[in-house]
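Chemist: fold the following and give me the result.
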Amino acid sequence: LSSWLIGRGWSVWKARKGAMLMFAVLVLPVIAVRFGPGIWTAVALIGLAGAAHQAWSANIFTTASDMFPKRTVSSVVGIGSMAGSVGGIIFPEIVGRILDNYKKVGDVQSGYGIIFLICGFAYLTAWVVMHLLTPKMQPVNLEARESEPVA
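Modeler: Numbering: from 1, shown residues only. Got it, this is the predicted structure:
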């Protein structure tokens, strides 16, 4: 999508952020999984969220290559992947605690509602953070930083 938008005259940053915002919005319906009429509705909503996740991932990796010099892209992606892995370690613990808490009060469905709410808003939250940290895409200039004396 972002390549198509760039081909239509959008700036690279506007196209990437616009596409990623759309993918973040496409994850939102996962919030409704627990309210669906049947299993296939849940499968469809989770499938849509999974597809949007993949599209988001493709764009976030490309964004790293847009912003950082070629020799640093693998390190930047590695650091981001490590942060994602740490989240993958922590989130199951959070899920377990939420479900244990709601199971004690006899309302596991509400626990799942909270989990799907977190999942649904995760990408919008990430998009807002990205927008706040990089309102304009400016490639990182490491040469200027390498010449500065280290304190």
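Chemist: now do the buried residues in stretch 23-43.
Modeler: For stretch 23-43, burial by neighbour count (16 or more other Cβ atoms under 10 Å) applies to 23-24, 26-31, 33-34, 42. C-beta: built from backbone N, CA, C; applies to glycine.
Chemist: tell me what the host helix or strand of residue 75 is packed against?
Modeler: Assigned by DSSP states H and E, residue 75 belongs to helix 73-104. On a contact count with 3 or more Cβ pairs under 8 Å, 6 or more residues apart in numbering; DSSP states H and E, helix 73-104 meets helix 39-67, helix 108-133.
Chemist: rebuild those helices as a markdown table, extending it with distance to residue 94.
Modeler: Formatted as a markdown table, the helices and strands packed on helix 73-104 follow (distance: least, Cβ to Cβ, whole Å):
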| stretch | distance to residue 94 |
| --- | --- |
| helix 39-67 | 18 |
| helix 108-133 | 8 |
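Chemist: between those helices, which one is closest to residue 139.
Modeler: Closest of the helices and strands packed on helix 73-104 to residue 139 is helix 39-67, at 5.7 Å (criterion: Cβ to Cβ).
Chemist: how about the secondary structure of residue 106?
Modeler: coil (DSSP: H, G, I helix; E, B strand; the rest coil).
Chemist: dihedrals phi and psi, it?
Modeler: The phi/psi pair for residue 106 (degrees, to the nearest 10) reads phi 80, psi 30.
Chemist: what about it, distance to residue 81?
Modeler: Residue 106 sits 39 Å away from residue 81, taking Cβ to Cβ, to the nearest Å as the criterion.
Chemist: who has more neighbours, those two?
Modeler: Using other Cβ atoms under 10 Å as the criterion, residue 106 and residue 81 rank with residue 81 on top: 11 against 8.
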